[in-house]
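Peer 1: Show me the folded form of this:
(2 chains)
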Number of protein chains: 2
Amino acid sequence: MTATRTLSEFLVDSRYEDIPADVRHEASRAMLNALGCAIGSARHETVEAALNAVMPFAGSAQACIFGRPERLDALNAALVNGISTHVLDFDDTHQRAVHPSAPVLPALLAYAEWKKTSGRDLVHAFVLGVEAEVRIGLSVFPEHYDIGWHITGTAGVFGAAAATAKLLGLDVQRTAWALGIAATQSSGLREMFGSMCKSLHPGRAAQGGMTAALLAAQGFTSSERAIEAPRGFAHVMSTKFDPSVITTGLGAHYELSKNMYKPYACGLVVHAAIDGCIQLRLEHNLKPEDIESVELSTSPLVPELTGNRAPENGLEGKFSVYHAAAVALVHGAAGEAQFSDEVVRNATVIAVRDRVSITASAQVRKLEAHVKLRLRNGTVLEKHVEHALGTVERPMSDRDLEDKFRSLTDGVLSVAEAARVMDLCWRVAELEDAGELARATVPR
Amino acid sequence: MTATRTLSEFLVDSRYEDIPADVRHEASRAMLNALGCAIGSARHETVEAALNAVMPFAGSAQACIFGRPERLDALNAALVNGISTHVLDFDDTHQRAVHPSAPVLPALLAYAEWKKTSGRDLVHAFVLGVEAEVRIGLSVFPEHYDIGWHITGTAGVFGAAAATAKLLGLDVQRTAWALGIAATQSSGLREMFGSMCKSLHPGRAAQGGMTAALLAAQGFTSSERAIEAPRGFAHVMSTKFDPSVITTGLGAHYELSKNMYKPYACGLVVHAAIDGCIQLRLEHNLKPEDIESVELSTSPLVPELTGNRAPENGLEGKFSVYHAAAVALVHGAAGEAQFSDEVVRNATVIAVRDRVSITASAQVRKLEAHVKLRLRNGTVLEKHVEHALGTVERPMSDRDLEDKFRSLTDGVLSVAEAARVMDLCWRVAELEDAGELARATVPR
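Peer 2: Residues are numbered from 1 along each chain as shown, chains lettered A, B, ... in the order given. Take a look at the predicted model:
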């Protein structure tokens, strides 16, 4: 038995009843988070550009663009919604690698609007799609990523293919073909980080994976060992391949359980520092003028990835731990609003930012931080954040996710519309027509 | 100056008048050959499956499917026509690597039907698209191919992007973005050889490359050094990269001049063996029952790529030098008809096939072969084919290409319709509306 075949059999044999209740609930949480990100970026310039490019070629109005009035054919909708889900870099992250939802959910919701699909089937296919993409991604990780592949694109296409194949009810051979057609479209270079192409990757993965399953359903043949063959995905695109990562314990645990959500609208490495600052501010009711200095002890990755001491705009602010700590202390928050050009240029924020210093140490883990504040009155406050909020060890609560959703969708959806999307996410598995969830993202 | 930038500037600065007359004529030859292949496979099961899969999602009737009545949006037409051009494996081949036309021409003709385009502009963009894909492909060749990449897909996407960018009139920056968006979609695994996915590769390349240019035209940003950056196309997808292959002599010679057309409906590596067998059969009026054994001396690529001793259907027959030599001896031909399921299962053909043996030698070049026949009567016949028919050294004539076109399109187009397509190809540069050429492929 090969990895491709074993995975295909698992996907075909899996029943909804096999999925544990906590994993099903995690699917609701992931959908809520992903839709919040997509709706919140509905008017992002990246989304506008993509939409303008494909609109002249789009087919009938099968599926919505999250948070927008346009309706496109399901394949183009999957592309654009894959882009919008990821473009803020605020979507979910598996504990080890891959942004799981952005390539999978847009394909599934587009499908569900095209062909009526129950909420149960949607949740089931979503869990399986994430399972496929994470396992395939981790089977070649980290070497595959180190070479320069953006794993959310390269593995994501398998997730969208596996999930769509499940909804189409493909048999084992056609499921294997769908994975093969996905494999041969697998792409996405890390060179694109910092350009609009980064979010094109999950968009293309969603569209390509969905296309793969639709082709396989029509008898379009592929290799049946596309993952493990000598000239298949793993050996061509990585120097490491461990097929047991794909095949061991299938159904015994689910990778979606290890999903993480970002409370803060910037790179994960800064989260522990932000977290400590927000906690100290809350516990001691701190004002910006109280602060004499901010001493951060972090992993070496923090200054390496986010060492910009003097960011000049919102995007640069996301790559400045100095700015991130400052807004955490001044605003008690680090959402999209705190990474606007305006806030980055705010005098009060800059005054605190200039008092931040960092000591990097290899003894500090990636999502850990020590924060030491010296106040004007001589008091010294300390906080050790062992695991940042949003990690598997210290997950965001359902309430936290709702707050994040409201904050992201504010200005796009009304309060009532936002409440309705959240409600539909929590009870998605009960929906007779899962397409309702996609349509609920569109403001009146 | 980087490779991406230098190539982009060349593409933008190139004028139609710069293209030598013989290269323009080669464009006509390439188009004639490509359209013959596409029309001849208009009803191929691979094309039917792809069309069935995408039809529900297709947009307005912007562009035709070569040889068929359906009209789809230009992006889906590019996909399906890219598949049909390559599916018989009878399309053109650059002397060193890449099937040049299949990823480029379908994108250009779909564009020309969508937005009126002159024949001059079509020819110009076609020549430039081929230039881009061949140079980028060769800059990483052969290591890139040896790793397991199907270079027609991986390099083809650049060709479609460059050609479409030229028709869109993009500036240097946006042309570089188009190449970058192409780079990050570059894909196609050699594991797929022998399945329908092989022809999906140029189809996806045509569609993805065209999309890349359309996105860039909308200001969708990408890396501006996507080919040469440490985490860009060349370093991620190959162990070798020679940027000078891309940048040296741009405009001084054109890669389209090194284009080859296949007289036989299978992989090039088998052509010299077929050629030798056909010549011996003709010269000695051989009958199948005369043949005791067939000893082929070939390059090591022949058994590697076409080593299937017992093919079970037409497609597998194309990857069997044993079958190819057998039909050359039994039928004196190796056209599409000789690679049908029926002929592959024919007892007479199988009897000869089982008498074929191969000795591979690194001393024998890729398109060279020695054929030694031992007859039942003890006679030994030998033929050394230094350059197979269809090579640059021994090209098919315009007349040969017309014969091939007629043979391929027989049963799809009437004699008059076929004559019209050929006429339009020869004078394509004079057409006011190049879309006429695409529409002429559709039978009444």
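
Peer 1: those strands in the stretch 251-400 of chain A, which residues are they?
Peer 2: Taking DSSP state E, counting those that start in this stretch to define them, one finds strands in the stretch 251-400 of chain A at A:259-260, A:291-298, A:356-360, A:369-375, A:380-385.

Peer 1: Nearest to B:Met192, out of the ones you listed?
Peer 2: strand A:259-260 (31.9 Å; Cβ to Cβ). No exception for glycine: its C-beta is placed from N, CA and C like everyone else's.

Peer 1: partner strands of the closest one, parallel or antiparallel?
Peer 2: strand A:93-94 (antiparallel) (DSSP bridges).

Peer 1: Need the residues that contact the partner strand.
Peer 2: A:99-100, A:130, A:134, A:137, A:255, A:258-262, A:268 (Cβ atoms under 8 Å, 6 or more residues apart in numbering or on different chains).

Peer 1: Run through the stretch 251-400 of chain A and note the low-pLDDT ranges.
Peer 2: Of all residues in the stretch 251-400 of chain A, none has pLDDT under 70.

Peer 1: could you redo the last one with a cut-off of 90?
Peer 2: Along the stretch 251-400 of chain A, the model assigns pLDDT under 90 to residues A:267-268, A:305, A:315, A:319, A:336, A:366.

Peer 1: ok, the residue in it positioned nearest to chain B - contacts?
Peer 2: In the stretch 251-400 of chain A, the residue that lies nearest chain B is A:Leu315 (12.2 Å; Cβ to the nearest Cβ). Contact partners of A:Leu315, counting by Cβ under 8 Å, 6+ apart, are A:Phe339.

Peer 1: now A:Asp121
Peer 2: Contacts of A:Asp121 (Cβ under 8 Å, 6+ apart): A:16, A:166-167, A:434.

Peer 1: quick one: which of the residues you listed is most hemmed in?
Peer 2: A:Ala434 (27 neighbours; other Cβ atoms under 10 Å in any protein chain shown).

Peer 1: Roughly how far does that residue sit from chain B?
Peer 2: 19 Å (Cβ to the nearest Cβ, to the nearest Å).

Peer 1: need the contact list for that residue.
Peer 2: Listed by Cβ under 8 Å, 6+ apart, the contact partners of A:Ala434 are A:108-109, A:112, A:117-119, A:121-122, A:428.

Peer 1: So the closest residue to A:Glu436 other than its chain neighbours versus B:Thr391, what's the distance?
Peer 2: Among residues not flanking A:Glu436 along the chain, A:Leu424 sits closest, at 6.3 Å (Cβ to Cβ, 6 or more residues apart in numbering or on different chains). Per Cβ to Cβ, to the nearest Å, A:Leu424 is found 63 Å from B:Thr391.

Peer 1: returning to what we had before: state whether the residue nearest to A:Glu436 is indeed within a strand.
Peer 2: No: in this structure, A:Leu424 is helix, not part of a strand, as judged by DSSP: H, G, I helix; E, B strand; the rest coil.

Peer 1: which phi and psi does A:Leu35 have?
Peer 2: phi -70, psi -40 (degrees, to the nearest 10).

Peer 1: Hmm, A:Arg420 and it touching each other?
Peer 2: No: in this structure, A:Leu35 is not within contact of A:Arg420 by Cβ atoms under 8 Å, at 11.5 Å.

Peer 1: which of these two has more neighbours?
Peer 2: Just comparing A:Leu35 and A:Arg420: by other Cβ under 10 Å the higher neighbour count belongs to A:Leu35, 30 against 16.

Peer 1: So that one versus A:Thr93, what's the distance?
Peer 2: Counting by Cβ to Cβ, the gap from A:Leu35 to A:Thr93 is 16 Å.

Peer 1: A:Ile291 now?
Peer 2: Taking Cβ to Cβ, one finds A:Ile291 at 31 Å from A:Thr93.

Peer 1: What of A:Arg439?
Peer 2: Where A:Thr93 is concerned, A:Arg439 sits at a distance of 27 Å (Cβ to Cβ).

Peer 1: the more surrounded of the two?
Peer 2: A:Thr93 (20 against 17).

Peer 1: How about that one: which residues does it bridge to?
Peer 2: Applying DSSP bridges to A:Thr93, the residues it is bridged with are A:Met260.

Peer 1: Next one: it from chain B, what distance?
Peer 2: From A:Thr93 to chain B the distance is 20 Å (Cβ to the nearest Cβ).

Peer 1: Relative to A:Cys266, how far out is A:Ser320?
Peer 2: Counting by Cβ to Cβ - A:Ser320 and A:Cys266 are separated by 9 Å.

Peer 1: Which neighbours do those two have in common?
Peer 2: Both A:Ser320 and A:Cys266 are in contact with A:Thr306, where contact means Cβ under 8 Å, 6+ apart.
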